[in-house]
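**Student:** One predicted model, sequence on top.
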Amino acid sequence: MALVKIGDYYQDYAQDTSDTEDIKKFSVYAQGDEKVGSVDDILVDEQTGRFRYFVVDTGFWVFGKKVLLPVGMGRVDYTDQRVYVSGLTKEQVENLPDFKELEKVDYDYEEQVRGVYRPMAATGSVTQPQTQTYDRNTYNYEQEPSLYNVSDRDAQSLKLYEERLIANKERHKAGEVAIGKRVETETARVAVPVEKERVVIERTTPTDVTPIDARNADFREGDVVRMDIYEETPDIHKETVVREEVRVRKVTEQDTVTAEETLRREELDIDTEGRPIVEK
């Protein structure tokens, strides 16, 4: 688990970072919003390139002493260009080993550093002892994420926006149909054939006048022939009938309306040089 300075691992670090993104220039503030120094350098894992320590130059706060701050203990504020270390005290810094040469940073040195920060990482208080023990042959930084993992709240986020075409429907009144009745009048004419009976009396003179026996002649007075005479008279009147029945109902017809719009979407561009570790 060898450590190297960030400038040695990322050869182009100084040239690739702007003044606002170069953490090496950020100020370090402890509890009470007290400035305790500035970030002088960053130590990274030689194998993975992950940040492990901030090298903090305390300036006049603790007699020009340089100490190591595990990256998990600091909250980086890129807007104010500050690194906040909640709970860090002057007494705590005085108990840290002075950082002078990277070659002297071995397991024992780091254990001395971790011994100071572990209580604060576990409970937020320097009074709580740390009981867990570690072995120099199996130790790795992932065993103590509170010291070496950068908190999600410290990470910067970049929001990518896109436009979407949303299709909704609104129901509104397009018209109205009113169906009613009215009475119209007209003059109707009808022709009804009627029959009338009349009596036709025909008197003929026989051409063959043959005398008949007088004994067969029946002369009687008062014989009458009666015949009923009928005639038809029209019976015309009005009747009301259902001429037509109208049913009113609605049907729904479907139609497809097509619309076109130009939509914008943001994509992420990543420019890297050197040997960065990029996780997507």
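**Tutor:** Looks like it arrived, so ask away. Treat the numbers as computed from the prediction; the structure is a model and nothing was measured.

**Student:** Any stretches of this protein with poor pLDDT?
**Tutor:** Filtered on pLDDT under 70, the chain yields the residue ranges 1, 11-21, 123-131, 151-160, 272-280.

**Student:** Looking at it, which residue reaches furthest from the middle?
**Tutor:** A214 (131.0 Å; C-alpha atoms, centre = their mean).

**Student:** can you pull out the helices in the stretch 51-200 of the chain?
**Tutor:** 90-94, 107-123, 145-148 (DSSP state H, counting those that start in this stretch).

**Student:** How far does the shortest one sit from its chain's centre?
**Tutor:** So the one you mean is helix 145-148. 36 Å (C-alpha atoms, centre = their mean, to the nearest Å).

**Student:** Equivalent analysis for stretch 168-177, please.
**Tutor:** Worked out by C-alpha atoms, centre = their mean, stretch 168-177 lies 26 Å from the chain centre.

**Student:** what's the distance between E110 and V67?
**Tutor:** 12 Å (C-beta to C-beta, to the nearest Å). (Glycine included, C-beta is placed from N, CA and C.)

**Student:** What of R198?
**Tutor:** According to C-beta to C-beta, R198 stands 148 Å off from V67.

**Student:** of those two, who's got more company?
**Tutor:** Shown here are R198 and V67; by other C-beta atoms under 10 Å, V67 has more neighbours (26 against 6).

**Student:** Hmm, the more buried one is touching T58, no?
**Tutor:** Yes. When contacts are counted by C-beta atoms under 8 Å, V67 is listed as touching T58 (6.6 Å).

**Student:** Now the common contact residues for the two.
**Tutor:** Residues touching both V67 and T58 by C-beta atoms under 8 Å, 6 or more residues apart in numbering: V93.

**Student:** one step back: take the helices of the stretch 51-200 of the chain and write them to JSON lines, including mean neighbour count and distance to V225.
**Tutor:** Formatted as JSON lines, these follow (neighbours: other C-beta atoms under 10 Å; distance: least, C-beta to C-beta, whole Å):
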{"stretch": "helix 90-94", "mean neighbour count": "15", "distance to V225": "156"}
{"stretch": "helix 107-123", "mean neighbour count": "17", "distance to V225": "147"}
{"stretch": "helix 145-148", "mean neighbour count": "17", "distance to V225": "141"}
